[in-house]
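Visitor: here's a sequence, model it:
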Amino acid sequence: MPYDADYYAEIRDRRRKEVLRMGASLMSNTKWREVLQCAASHGLWYQVALVGDSAGRDRERLRPPIPPLKFLDHMVADPGLTGGGPHEYWEILWVRYPRIFRNRALDAFLASVQAFGVLPLVATDAHVEIRGYEKPTA
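Guide: This is a model prediction of the structure:
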């Protein structure tokens, strides 16, 4: 089923309303772009959740690094973060980088992003998560 511009506009409108309930973003466009570019340069695969998306299999899917030419000032160009169209940085609820054995690339990434200042980063034994909002809904 092909989706038209109205369909995507409706999704964006719903996400904007959800963002208003969640409060201010923790990450600027510049910081998201720098972090995502850094992760891609280290070859990190990732999981992503977008504002307003329901939890489920889509969030669990590991995605390959984003090609460098896809990073624009305010968005990730088509096919975006999920393969479903371009995504503006404000739409990101969180991005996770799984810890897989001794992941030297993840360690190098974490060392590199220290240059960006304080990030809303949560590290667990399973993954490193960078949050776009203070209280992710899921």
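
Visitor: pLDDT below threshold where in this protein?
Guide: The model of the chain has pLDDT under 70 over residues 1-3, 55-58, 101-102, 135-138.

Visitor: center of it, which residue is that?
Guide: Val95 (4.0 Å; CA atoms, centre = their mean).

Visitor: who are the contact partners of that residue?
Guide: When the contact criterion is CB atoms under 8 Å, 6 or more residues apart in numbering, the partners of Val95 are Val35, Leu36, Ala39, Tyr46, Gln47, Val48, Leu81, Glu129, Ile130. C-beta coordinates here come from the backbone N, C-alpha and C atoms, glycine included.

Visitor: list the contacts of the longest helix along the chain.
Guide: Ranked by residue count under DSSP state H, the longest helix found in the chain is helix 5-22. Helix 5-22 is contacted by residues Ser25, Leu50, Val51, Gly52, Gly85, Trp90, Glu91, Tyr133, Glu134, Lys135, Thr137 when judged by CB under 8 Å, 6+ apart.

Visitor: residues near the first one, how many?
Guide: Put plainly, it is Ser25. Residues near Ser25, counting by other CB atoms under 10 Å, number 20.

Visitor: now the helix or strand following the longest helix of the chain: buried residues?
Guide: Scanning forward in sequence from helix 5-22 by DSSP states H and E, the next helix or strand is helix 29-41. For helix 29-41, a neighbour-count test (16 or more other CB atoms under 10 Å) marks Lys31, Trp32, Arg33, Glu34, Val35, Leu36, Cys38, Ala39, Ala40 as buried.
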